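>>> the amino acid sequence is not available; the structure is as follows:
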């Protein structure tokens, strides 16, 4: 699975690809980094002779990373039963919008998020769809449909036959129901900009016009920041909720920013990012809003976002 790049033991250069796989499987930068570190630890725990016997170290690392992620996805389901409110994936800033300087101004180690390729497969809408799949479906779907690995290789990750993995990916596609027509970034950006302007002016009528009548807002505070514990449903209800938030949180600065590669909004107070909002757009209107307020999920964001 995959081809190892040149290195002293064939593993140099694999980390970026593994981080990309793991983030799409887990929806968490921190957990993706931990999974990849664990895979490398297992690689170097092998005897030199055993490592030399492995024809493709990259394939070995991908298989091990996939298995680690599969285990984490299973345990995550139990953890989320205890999670306060809705759980959303960690939002990713554009790589030009975070810094890597240490406290002394020296260049710090590369942020794992900086290695993630921002495309449709890391959009908040896509990650939320992935989260509705079973762990095995998600692994089969991501590895095959996103990274184009053959089912014979995926079988080694899931411990199932190639035919069974093919069925899992097919089931995942049906569950996902991914048939939305992509919205051009410029059009999406215009809609988000208008939402920002109406939100700042607390214009409920304008917000209602920008929101789909069946729009849904889901917020993730994780019990660590104020957020609606249940989704707010209906364009009018979402508009009223947004204005109520603005009334209760004076002094917030709203900024247009890339969120998981798509136009979004960031709210900060005194230079600190406190809220990140991602948007789903359909037919020129916002039909989904995902609001992340859990501070633990906002750590990849720069103070200068």
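Good, I have the coordinates. These numbers come from a predicted model, not from an experiment.

>>> any idea which element the residue of the chain positioned farthest from its centre lies in?
No residue in the chain sits farther from the centre than residue 49, which is 38.0 Å out by C-alpha atoms, centre = their mean. Secondary structure from DSSP states H and E places residue 49 in helix 48-53.

>>> list the buried ones in that helix?
Neighbour-count burial for helix 48-53 flags residue 51 (criterion: 16 or more other C-beta atoms under 10 Å). Every residue, glycine included, has its C-beta placed from N, CA and C.

>>> next one: that helix to chain centre, how far?
Put simply, helix 48-53 sits 35 Å off its chain's centre (C-alpha atoms, centre = their mean, to the nearest Å).

>>> ok, now stretch 164-174?
On C-alpha atoms, centre = their mean, the centre of stretch 164-174 falls 21 Å from the chain's centre.

>>> related to what we said a few turns ago, contacts for the helix or strand just after the helix holding residue 49?
Downstream of helix 48-53, the next assigned helix or strand under DSSP H and E is helix 57-81. Where contact means C-beta atoms under 8 Å, 6 or more residues apart in numbering, the residues beyond helix 57-81 that reach it are 1-5, 9-11, 14, 17-18, 21-22, 25-26, 31, 35-36, 38-40, 42-43, 51, 54, 87, 135-136, 138-139, 143, 149, 153-154, 156-158.

>>> and for stretch 167-180?
125-126, 129-130, 132-133, 136-141, 144-145, 151, 158, 160, 282.

>>> repeat that for stretch 243-252.
In contact with stretch 243-252 (C-beta under 8 Å, 6+ apart) are residues 199, 200, 202, 204, 207, 267, 268, 269, 274, 275.

>>> quick check: residue 255 is in a strand.
Yes: per DSSP: H, G, I helix; E, B strand; the rest coil, residue 255 lies within a strand segment.

>>> spit out the contact partners of the closest residue to it other than its chain neighbours.
Excluding the flanking residues, the one nearest residue 255 by C-beta to C-beta, 6 or more residues apart in numbering is residue 266, at 4.8 Å. Contacts for residue 266 (C-beta under 8 Å, 6+ apart) come out as 254, 255, 257, 259, 273, 275, 276, 277, 301, 305.

>>> and the residues you listed, which two are furthest apart?
The span of the contacts of residue 266, defined through C-beta to C-beta, is set by 254 and 301 at 14.5 Å.

>>> more neighbours, these two?
Shown here are residue 254 and residue 301; by other C-beta atoms under 10 Å, residue 301 has more neighbours (24 against 17).

>>> which SSE is the residue nearest to the more buried one when sequence neighbours are not counted in?
Residue nearest to residue 301 in three dimensions, not counting chain neighbours: residue 273, with 4.4 Å by C-beta to C-beta, 6+ apart. In this structure, residue 273 sits in strand 272-282 according to DSSP H and E.

>>> average model confidence for that strand?
Mean pLDDT, computed over strand 272-282, is 94.

>>> who does it pair up with?
strand 262-269 (antiparallel), strand 285-292 (antiparallel) (DSSP bridges).

>>> off-centre distance for the first one?
Just to be clear, that refers to strand 262-269. That offset, for strand 262-269, works out to 15 Å (C-alpha atoms, centre = their mean).

>>> then the last one?
Here the centre of mass of C-alpha atoms in strand 285-292, compared against the chain's by C-alpha atoms, centre = their mean, lies 15 Å away.

>>> same question for stretch 45-57.
Counting by C-alpha atoms, centre = their mean, stretch 45-57 comes out at 33 Å from the chain centroid.

>>> between the two ends of it, how far is it?
13 Å (C-alpha to C-alpha, to the nearest Å).

>>> which residue comes closest to residue 112 once chain neighbours are left out?
Residue 112's closest residue in space is residue 33 (C-beta to C-beta, 6+ apart), at 4.2 Å.
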